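# quick check, what structure comes out for this input:
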Amino acid sequence: MNNSGKRILSFLLLAFLSFHFLCLINYASPLKSSSRCLNAITAMYGYPYFHQQWTVFVPTPVKKFDLMIRNGSGNKWQHWTSIVNHLLKRRKYNLTLGRETEILLITNSINYVSHDLGEINIVFKEKPDLQSFKVLEHAAKFYFRNFRCWKAGKEYELLLITHSPGKRTACYFKNLSLL
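Residues are numbered from 1 along each chain as shown. Have a look, this model is predicted:
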């Protein structure tokens, strides 16, 4: 290889290392750049270095959850959509962005609500007065705002299904509103 080829290769290697370290510093630093574009690039670049799936550290839980949502009003209700499966599919097809915060918000809120309600089948015609349900409701509204068409005043319903070994329970939350 001649001298000019070595210089170009050295320059490219130095440019990549500079990009690598600047992105990781911007990603890990509490002081972020004011540029949204730069923050998006560093988030996509830094995510695989700093985040791992929780299954690396703990075994798969025995209890499984599913949260279904549908919207509409009167006799015109849309089909049920699984929030958990939808977010997991989005994460699977876009590992660089991860969608980890949305998945953690939904799964943690489901876990707390199912613990507070116990293993019973129940239909709620009004919102339960539980702090854990308020978090779940916030997560459902977050899902609506980001992944579904959302309009103020729309009604929606939630169906929480819990699968334990040998037992399956469902909690149906009716008359919810996006106000």
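
# hey, where'd the helices end up in this structure?
3-28, 36-50, 83-93, 100-117, 131-147 (DSSP state H).

# now stretch 14-26: buried residues?
Residues of stretch 14-26 classed as buried by neighbour count (16 or more other Cβ atoms under 10 Å): 23, 26. All C-beta atoms are positioned from the backbone trio N, CA, C, and that covers glycine.

# revised request: answer the last question for stretch 127-137.
Result for stretch 127-137 [16+ other Cβ under 10 Å]: buried residues 128, 132-133, 135-137.

# wait, which of those residues is closest to residue 30?
Using Cβ to Cβ, residue 135 comes nearest to residue 30 of the buried residues of stretch 127-137, at 25.8 Å.

# might one say that the closest one is in contact with residue 112?
Yes - using Cβ atoms under 8 Å, residue 135 is in contact with residue 112, at 6.6 Å.

# so residue 168 touches residue 119, yeah?
No - using Cβ under 8 Å as the test, residue 168 is too far from residue 119 to be in contact (9.4 Å).

# what's the overlap in contacts for those two?
Residues touching both residue 168 and residue 119 (Cβ atoms under 8 Å, 6 or more residues apart in numbering): residue 162.

# ok, and the closest non-adjacent residue to the residue nearest the centre of the chain?
Centroid-nearest residue in the chain: residue 102, 1.9 Å away (criterion: Cα atoms, centre = their mean). Excluding its sequence neighbours, the residue lying closest to residue 102 (Cβ to Cβ, 6 or more residues apart in numbering) is residue 87, at 5.4 Å.

# and for the one you found, the neighbour number?
22 (other Cβ atoms under 10 Å).

# next one, pLDDT for it please.
With respect to pLDDT, residue 87 has a value of 83.

# and it, what does it touch?
By Cβ under 8 Å, 6+ apart, the neighbours of residue 87 are 99, 102-103, 106, 143.

# as CSV, those with distance to residue 79 and pLDDT would be great.
Converted to CSV, the contacts of residue 87 look like this (distance: Cβ to Cβ, whole Å; pLDDT from 0 to 100):
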residue, distance to residue 79, pLDDT
99, 22, 68
102, 21, 78
103, 22, 80
106, 19, 85
143, 15, 82
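
# closest to residue 72 among those?
residue 143 (15.8 Å).

# state the distance from the closest one to residue 155.
Residue 143 sits 15 Å away from residue 155, going by Cβ to Cβ, to the nearest Å.
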